[in-house]
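[1] Need coordinates for the following:
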Amino acid sequence: MAYDSDNVFAKILRGDLPSERIYDDDYTVAFMDIMPRAEGHALIIPRTAARNLLDASPAQLTACMAATQKVAKAALIAFEAGGVTLQQFNEAPGGQEVFHLHFHVLPRHEGVPLRPPGKMEDPAVIKANADKYRAVLKSM
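    Predicted coordinates for the structure are as follows:
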């Protein structure tokens, strides 16, 4: 299937939609998920078009994984997490909802289950969590 340049993440990259960005480099952008399944749920995407893992270039995947690792390490510190869960979905039957390659970083705490999907978070909470990430990432 073809890449849709009007998907929500493409709009975020263009600045057509707001986001709480926590990290960016020449190849990737990381920002907060607005429907977090855990406190500190972040997303990492390539700056260039890729529908998902199945059509991404090796360079896009390499850049995304390096940024994902950086954000995951920051999550451990910023949210005093005991671990992280990484998620990545491909095509609708695989659970993908936004058709721009993205990686989820979910800080995890012992005994705390993931929240159910689809519940919008208060923008003030998202901003506060983004500030936690930014403070840690600035020092890394």
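
[2] Could you tell me which residues make contact with the residue nearest to residue 118 when sequence neighbours are not counted?
    Distances taken as CB to CB, 6 or more residues apart in numbering put residue 35 closest to residue 118, at 5.8 Å, once the chain neighbours are dropped. Yep, even glycine has a C-beta here, placed from its N, CA and C like the rest. By CB atoms under 8 Å, 6 or more residues apart in numbering, the contact list for residue 35 reads 117, 118, 119, 120, 121.

[3] Three-state assignment for the residue most central in space within the chain, please.
    Central residue of the chain (CA atoms, centre = their mean): residue 43, 0.3 Å from the mean position. Recorded secondary structure, residue 43: strand (DSSP: H, G, I helix; E, B strand; the rest coil).

[4] ok, back up a step: identify those among the contacts of residue 35 that sit within helices.
    Using DSSP state H, no member of the contacts of residue 35 falls in helices.

[5] As CSV, the residues you listed with neighbour count, distance to residue 54 and pLDDT would be great.
    Putting the contacts of residue 35 into CSV (neighbours: other CB atoms under 10 Å; distance: CB to CB, whole Å; pLDDT from 0 to 100) gives the following:
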residue, neighbour count, distance to residue 54, pLDDT
117, 10, 22, 93
118, 8, 25, 94
119, 10, 29, 97
120, 9, 29, 97
121, 17, 30, 98
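
[6] Pick out the most distant pair among those residues.
    Between any two of these, the greatest separation by CB to CB is 12.1 Å, found for 117 and 121.

[7] circling back: gap between the residue nearest to the centre of the chain and residue 110?
    24 Å (CB to CB, to the nearest Å).

[8] Likewise for residue 64?
    28 Å.
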